[in-house]
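Asker: The following comprises the amino acid sequence and a computationally predicted model.
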Amino acid sequence: MTVLTVNGVNQVVDAPGDTRLLWVIREHLRLTGTKFGCGLGLCGACTVHLNGEAVRSCQVEISDAEGAKITTIEGLNGGQGGHPVQQAWLELQVPQCGYCQSGQMMNAAAFLASNPSPSDNEIIEAQQGNICRCITYNRIKTAIKRASEIMQGA
């Protein structure tokens, strides 16, 4: 038995310690916003926050996540309405297929927490490794800029 804190709620999980966090989030906890992409930590579809840091949940064993604060797309902004990143994504209609977008948003939210007023080049660098098959990279960059503005009250 492993106790995980996911979106502020302690969850008791009956799974081996080497089970990947992605599968516990999706299959045990039924939080399906976190997506399976490549299973190798290369695409970013499974990005969640572990103590505020963006990580690839397909690469994290639950034994390594015990005692950490895990946040999924469902818990972004503490469940208190849309996070500025989510607001910007909706406002600018970023997604096409949408499959990678929760990972894109989770990565962007962690990035903006540490760099609230980024340049275009900093955004591009921060989002490297988060793959979008629909090639909405310009929309994603624009949405991150807009989220930065929302966070600063503009």
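Answerer: Thanks, I have the structure now. Residues are numbered from 1 along each chain as shown.
Asker: The spatially most central residue of the chain: what secondary structure?
Answerer: Central residue of the chain (Cα atoms, centre = their mean): residue 106, 2.4 Å from the mean position. What DSSP: H, G, I helix; E, B strand; the rest coil gives for residue 106 is helix.
Asker: Just to check, it is in contact with residue 77?
Answerer: No. Using Cβ atoms under 8 Å, residue 106 is not in contact with residue 77, being 11.6 Å away. In short, each C-beta sits where N, CA and C put it, glycine included.
Asker: can you give me the strands for the chain?
Answerer: For the chain, the strands defined by DSSP state E cover 2-6, 9-13, 47-50, 53-56, 69-71.
Asker: Any idea which of the ones you listed gets closest to residue 94?
Answerer: The closest of the strands of the chain to residue 94 is strand 47-50. By Cβ to Cβ, the value is 15.5 Å.
Asker: The closest one - contacts with which helices or strands?
Answerer: strand 53-56, strand 69-71, helix 101-114 (3 or more Cβ pairs under 8 Å, 6 or more residues apart in numbering; DSSP states H and E).
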